[in-house]
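Asks: for reference, the sequence and a predicted model appear below.
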Amino acid sequence: MVNVKEIRKDFPMFSNNPDLVYLDNAATTFKPQCVIDAVTGVYTQMTSNIHRGDYDLSHRISTAYDQTRTHVASFLNAEEDEIIFTSGASASLNMAAYGYGLTNLREGDVILSTEAEHASNILPWFKVSEMTHSKIEYISLNEKGELTVENFKKAMHEKVKVVAISYVSNVLGYINPIKDITEIAHEMNAVVFLDAAQAVPHMKVDVKELNVDFMSFSGHKMLAPSGIGVLYGKKDILEKTDSYMMGGGSNARFDMCGNLLLREIPYRFESGTPAIEATIGLDAAIDYLEKIGLDEIQTREAELKRYAIEQLSKLDNIILYNPDAETGIITFNIKDVFAQDAAGYLNSKHIAVRTGLHCAKMLVDILKTSDTIRASLYFYNTKEEIDRFVQVCSEITLEKCIDIFF
Amino acid sequence: MNEMLKNPAVLREIIMDHYQYPRNHKLTEDDSYKKRHMASDSCIDDITVQSKIEDGIVKDICFDGVACTIATSSTSIMSEMLIGKDVQEAMKLVENYFNMVEEKDYDEDLLEEAIAFQNVSKQANRIKCATIGWKAIREMLQESEGEVNE
Ligand SMILES: Cc1ncc(COP(=O)(O)O)c(C=O)c1O
């Protein structure tokens, strides 16, 4: 069992903001003291650059940095040389799309995705498809906005070379059936790019079991600092991936005649001085999550989500768009109130949520609106916080949303 | 200033009215109009403002889009205030409005119904809503001033 009272003591944001109900965890999460200490520890005790420093301090920080890679690998059940550090999920998604897409896609090839993807998972492919004259096709979502294996099968054909989808949608919070999708995709020789930004922080993710080819996520959505993200890539796929970011760290030797010896994988993908302190912070964050247990975290979030839906369903001024989604993402609107006005009212009562604008036609057809409010939970949220959130939602009217300006 | 405009209940009514019945809420195909599509990543308001500025006069302003109460009503009020004004006068009203929203010195008497947004800076994250339409017209006014000078 997660002892949430004790857990909240680890997060200074709670004691520093006693009035705040933070329900924007899908955007970013609070940081526990151990992560903060790991970061400041780099500044106060270990400051130096990694690799190649000919002194003890540099050796120490390099060891701490490398240890994070080992830790991330075991966390995901991957191999160490399959873990590339990036600045975040967006950087990972771009690196994979350009690095693999530009060298492997040909005119007429198809990139298969959905209309529920985060911009960072689809816009790189817009560009790659333009540059390679390949084409993007979309898998139909069902009436609830879910991606089903059946619809995936229907959308799959031999021209599909890339499948780019999320594990958990940041809009509707459904967990997609990745294992089945990967199996079918591989049978037809397509490579699977998984955006796991909303999955890795919330559940056990095993890349061998999922058998995906690439996977991306961000540290800051899982208690770690911003500025660190991960790109997982299967070794044989990384061999076929171009490292377009060149510079110090990516090469072993080069000369002015154009001879270049790239470093081995994964280093050839990591040019320049990385976010060292954020990386070491990620190590501490994974420690923290593992101590609680990812299965525990998933169970607790599902329970909080069910409770929130139960309470919200009792209100007659609420529209819920994803009551069945198992993760902690609650997408909703207040009847007859524009999302941003309702979010403004919630903010005036110190409840932090986020509004989203959906431009994909398919999603608008399913939601019957282009704008929604998203409340997203993490394991450290409480039923009391949900009660306060539900209470404030129940009060919202258009008039009250304007009243906050007087 | 009109005493009525000091009453919060009246001001709230003004916002409600301009939100529920926005004025000049349509777009035109007429290509003598300038046009600005205003959308940003930090806000879900998404509006297009058009204006016809001719012989140094703001002949017409219209707008449409998906937007919150504050963005819709502030743009609606802006359109009513500025139509018929000459560019210089309009510019003065626009700058005065921005001064109010940005908590600088401003002239209350020039604001008319826009005084309803006097407190918008208290909800700092909504300032962008109260200025989205005004930014659009400011850009178009500036552009037209440039054209006159050329
Ligand atoms: C599903 C998904 N993918 C990608 C991203 C991008 O993450 P980042 O902004 O950390 O690069 C996000 C963040 O909101 C997300 O929710």
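Replies: Great, that's in hand. Numbers count the residues shown, from 1 in each chain, chains lettered A, B, ... in the order given.

Asks: residue contacts, the residue in the stretch 151-300 of chain A that chain B sits nearest to?
Replies: Across the stretch 151-300 of chain A, no residue is closer to chain B than A:V171, which sits at 13.2 Å (CB to the nearest CB). C-beta coordinates here come from the backbone N, C-alpha and C atoms, glycine included. Each residue near A:V171 by CB atoms under 8 Å, 6 or more residues apart in numbering or on different chains is listed here: A:116, A:145, A:329, A:331, A:356, A:358, A:363, A:372, A:374.

Asks: which of those residues scores worst on pLDDT?
Replies: Ranked by pLDDT, the contacts of A:V171 bottom out at A:H358 (74).

Asks: what about that residue, neighbour count?
Replies: A:H358: 19 surrounding residues under other CB atoms under 10 Å in any protein chain shown.

Asks: please apply the same query to A:L194.
Replies: Residues within reach of A:L194, counting by other CB under 10 Å, total 29.

Asks: try B:Y33
Replies: 18.

Asks: how about the contacts made by it?
Replies: B:50-52, B:60, B:62.

Asks: can you name the two of those residues that are farthest apart?
Replies: Using CB to CB, the pair of those lying farthest apart is B:K52 and B:C62, separated by 8.9 Å.

Asks: those two - which one has more neighbours?
Replies: Comparing B:K52 with B:C62 by other CB under 10 Å, the one with more neighbours is B:C62, at 21 against 17.

Asks: report the beta-bridge partners for the more buried one.
Replies: Counting by DSSP bridges, B:C62 is bridged to B:Q50.

Asks: which residues in the stretch 151-300 of chain A form helices?
Replies: A:178-187, A:207-210, A:235-239, A:276-292, A:294-313 (DSSP state H, counting those that start in this stretch).

Asks: dihedrals phi and psi, the nearest residue to A:M362 once chain neighbours are set aside?
Replies: The shortest distance from A:M362 to any residue other than its chain neighbours is 4.0 Å, reached at A:E115 (CB to CB, 6 or more residues apart in numbering or on different chains). The phi/psi pair for A:E115 (degrees, to the nearest 10) reads phi -90, psi 10.

Asks: hmm, A:E115 is touching A:I366, no?
Replies: No. Using CB atoms under 8 Å, A:E115 is not in contact with A:I366; the gap is 9.1 Å.

Asks: look up how far A:V162 lies from A:V337.
Replies: Relative to A:V162, A:V337 is positioned 40 Å away (CB to CB, to the nearest Å).

Asks: pick out whichever of those two has more residues nearby.
Replies: Higher neighbour count among A:V337 and A:V162: A:V162, with 27 against 22, using other CB under 10 Å.

Asks: what are the bridge partners for the more buried one, then?
Replies: Counting by DSSP bridges, A:V162 forms beta bridges with A:I111, A:V191.

Asks: contacts only, for it.
Replies: The contact partners of A:V162, by CB under 8 Å, 6+ apart, come to A:100-101, A:105, A:109-112, A:125, A:190-191, A:193.

Asks: tell me the pLDDT of A:F338.
Replies: 95.

Asks: name the nearest residue to it, sequence neighbours excluded.
Replies: B:C68 (4.7 Å).

Asks: quick one, what contacts that neighbour?
Replies: Contact partners of B:C68, counting by CB under 8 Å, 6+ apart, are A:338-341, A:344, B:44-45, B:129.

Asks: repeat that for A:K161.
Replies: A:104-105, A:109-111, A:134, A:189-191.

Asks: now do it against A:L112, distance only.
Replies: Using CB to CB, A:K161 is found at 9 Å from A:L112.

Asks: overlap in contacts of those two?
Replies: A:A190.

Asks: any weak-confidence spans in the stretch 1-150 of chain A?
Replies: Residue ranges of the stretch 1-150 of chain A with pLDDT under 70: A:1.

Asks: in it, which residue sits nearest chain B?
Replies: A:A119 (9.2 Å).

Asks: follow-up on the earlier one: shared neighbours, A:E115 and A:I366?
Replies: With CB under 8 Å, 6+ apart, A:E115 and A:I366 have common neighbours A:L141.

Asks: spatially central residue for chain B, please.
Replies: Nearest to the mean C-alpha position of chain B, by CA atoms, centre = their mean, lies B:M78 at 3.2 Å.

Asks: name the SS class of that residue, please.
Replies: Put simply, B:M78 is helix when judged by DSSP: H, G, I helix; E, B strand; the rest coil.

Asks: list the contacts of it.
Replies: B:M78 touches B:61, B:97, B:114, B:133-134, B:137, counting by CB under 8 Å, 6+ apart.

Asks: counting by contacts, list what the longest helix seen in chain B packs against.
Replies: Counting residues, the longest helix found in chain B (DSSP state H) is helix B:127-149. Packing contacts for helix B:127-149, counted by 3 or more CB pairs under 8 Å, 6 or more residues apart in numbering or on different chains; DSSP states H and E, involve strand B:34-40, strand B:43-54, strand B:57-66, helix B:69-82, helix B:87-101.

Asks: what sits against the residue nearest to A:G233 when sequence neighbours are not counted?
Replies: What sits nearest to A:G233 in space, not counting adjacent residues and going by CB to CB, 6+ apart, is A:F214, at 5.1 Å. Contact analysis of A:F214 by CB under 8 Å, 6+ apart lists A:96, A:100, A:191-194, A:231-234, A:237.

Asks: please apply the same query to A:A252.
Replies: Taking CB under 8 Å, 6+ apart, one finds A:261-263 in contact with A:A252.
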